[in-house]
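Asks: based on what follows, work out the 3D shape:
(chains A and B)
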Amino acid sequence: MCCTFAQNKEEVLKEVIYLMQKDFVLEWRQKYAFNGMLLYVGSTVFICYLSFSLRFGGLEVPVWNALFWVILLFTSVNAIAKGFAQESRGRLLYYYSIVSPQGVILAKMIYNAALMLVLSLLCFGFYAVVIGNPVQDVGMFLLSIVLGAIGFASSLTMISGIAAKAANTGTLMAVLSFPVMVPMLLMLMKMSKNAIDGLDPSVSVDEALVLLAINMIVVTVSYILFPYLWRS
Amino acid sequence: MKLTWWKWLTIALLLYTVVGGMLTEVPRLAILNETIRNLYFHVPMWFGMILILLVSVIYSIKYLRNPLSRHDIIAHEAAKVGILFGVLGIITGMEWARFTWGEFWSNDPKQNGSAIGLLIYFAYLILRGSFQDHQQRARISAVYNIFAFAALIPLLFILPRLTDSLHPGNGGNPGFNAYDLDSRLRAVFYPAVLGWTLLGVWMVHLRTRLEVLKQRFYENA
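Replies: Numbering: from 1, shown residues only, chains lettered A, B, ... in the order given. Sure, this is the predicted structure:
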């Protein structure tokens, strides 16, 4: 097989840093894309506020929690779907000739994780202000958001790479990613529910560990499989 | 009819399963009663599904290491047969649940997990359908197949163990666990698992031969 697994670690690390720099610079120069995502989050939250007609009384806790994660799920699918789709054909070919696939996937994952962190924290802030904030253990809740953002980013990065190769990227992105993300989502909801109820952090240790384990499986599998995806 | 030995074995095992499963003595357990016989039909479907999907993943890995179109065909056909087993497993389970739990669908973690597992594999079929180029379709769907299988493992084997399930053997329900799986049940259950799995292998075998022949036919036509 012709895959360049034999590269030394330092080189891959250097590539990851360069590629991430490039992604951040691109994002900075095309602020409209990021602003678009912010607007997407904001208007979704506001639509939820209006459609539940929340002027009197808040949402019940399970509904609040479920709604929050569903909004984050759709936001992340939309935000990350453009990850590979926005790269032009020529630019992809250029990367192909100068960097290793491992560098590309790791850089994209870290970049997407950073993007998702910013988006989901802003989403939580806006959601809490508009719809109300029943969270009792904010630290634990933020931890679940951080784990969620990293998990969503790592699994969606690979899926967006797959979907970008096919004809109907938009539909495929949703169809491929939703079932794969369900285990993660269930764990996150349970963990954040514990945080909202202000239970002792030791109750959520199991969920946090399972989340970390799922993340590790996803990252490892993507790292191994991406070179094959990249070649086509 | 000329059949190899394992095909005769499949026929014998399945005949034994159906006849023995319907007629032999079974332990009397509260609520379960005669529905305990579903053990011979419902549970082997999941064993069969997991094993045949494992075959599919192995052939996907083989395809990535060595891109022969035969490997891709086996991975595809095995995934389809795995889906068939999964659907049958859900149907037999729902029918059984209607009489023991009172509802076709009771929001049980294992029921939900298997439904999501099927969604993953339906998505695999959709993904295959959205490529024109054969090689690209084979490679990318192999990548997704492996990725999806890795995501399926926590769904089916870890999550249901973290929560209580209505399934026999979970959450204090009487079940067919190692300690109370009666030896009379075992005598039919193990042959049933082997028989149904072999039937799945047989189906994959036939479908693969058909597809390979079709491909050869179109290439020469």
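Asks: ok, the residue nearest to B:Gly89 when sequence neighbours are not counted - contacts?
Replies: Once flanking residues are discounted, B:Gly89 sits nearest to B:Met45: 3.4 Å by C-beta to C-beta, 6 or more residues apart in numbering or on different chains. C-beta here means a position set from N, CA and C on the backbone, and glycine is covered the same way. With contact taken as C-beta atoms under 8 Å, 6 or more residues apart in numbering or on different chains, B:Met45 is in contact with B:Phe85, B:Gly86, B:Leu88, B:Gly89, B:Thr92, B:Trp196.
Asks: ok, now how distant is B:Met45 from B:Lys110?
Replies: 13 Å (C-beta to C-beta, to the nearest Å).
Asks: how about B:Gly82?
Replies: From B:Gly82 to B:Lys110 the distance is 17 Å (C-beta to C-beta).
Asks: neighbour count: those two, which is higher?
Replies: Neighbour count, other C-beta atoms under 10 Å in any protein chain shown: between B:Gly82 and B:Lys110, B:Gly82 has more, with 26 against 18.
Asks: helix, strand or coil for the more buried one?
Replies: What DSSP: H, G, I helix; E, B strand; the rest coil gives for B:Gly82 is helix.
Asks: didn't it look like it was pressed against B:Met49?
Replies: Yes: contact criterion C-beta atoms under 8 Å: B:Gly82 and B:Met49 qualify, at 5.1 Å.
Asks: output the contacting helices and strands for whichever helix in chain B runs longest.
Replies: Using DSSP state H, we find that the single longest helix of chain B is helix B:183-220. For helix B:183-220, the packing partners by 3 or more C-beta pairs under 8 Å, 6 or more residues apart in numbering or on different chains; DSSP states H and E come out as helix B:5-23, helix B:42-65, helix B:69-100.
Asks: in a markdown table: these, plus distance to A:Leu186.
Replies: Compiled in a markdown table, the helices and strands packed on helix B:183-220 are given as follows (distance: least, C-beta to C-beta, whole Å):
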| stretch | distance to A:Leu186 |
| --- | --- |
| helix B:5-23 | 35 |
| helix B:42-65 | 20 |
| helix B:69-100 | 19 |
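Asks: so stretch B:103-119, near chain A or not?
Replies: Yes: shown here: stretch B:103-119 in contact with chain A (C-beta under 8 Å from any C-beta of the partner chain) through B:Ile116, B:Gly117, B:Leu119.
Asks: list just the nearest of those residues to chain A.
Replies: Nearest to chain A, judged by C-beta to the nearest C-beta, of the residues of stretch B:103-119 next to chain A is B:Leu119 at 4.1 Å.
Asks: helix or strand: which one has that closest one?
Replies: Element membership of B:Leu119 [criterion: DSSP states H and E] is helix B:109-129.
Asks: and for that helix, what's in contact with it?
Replies: A:162, A:166, A:172, A:175-176, A:178-180, A:182, B:46, B:53, B:76, B:79-80, B:82-83, B:86-87, B:89-90, B:93-94, B:97, B:105, B:137, B:140-141, B:144-145, B:148, B:151-152, B:155-156, B:159-160, B:163, B:165, B:167.
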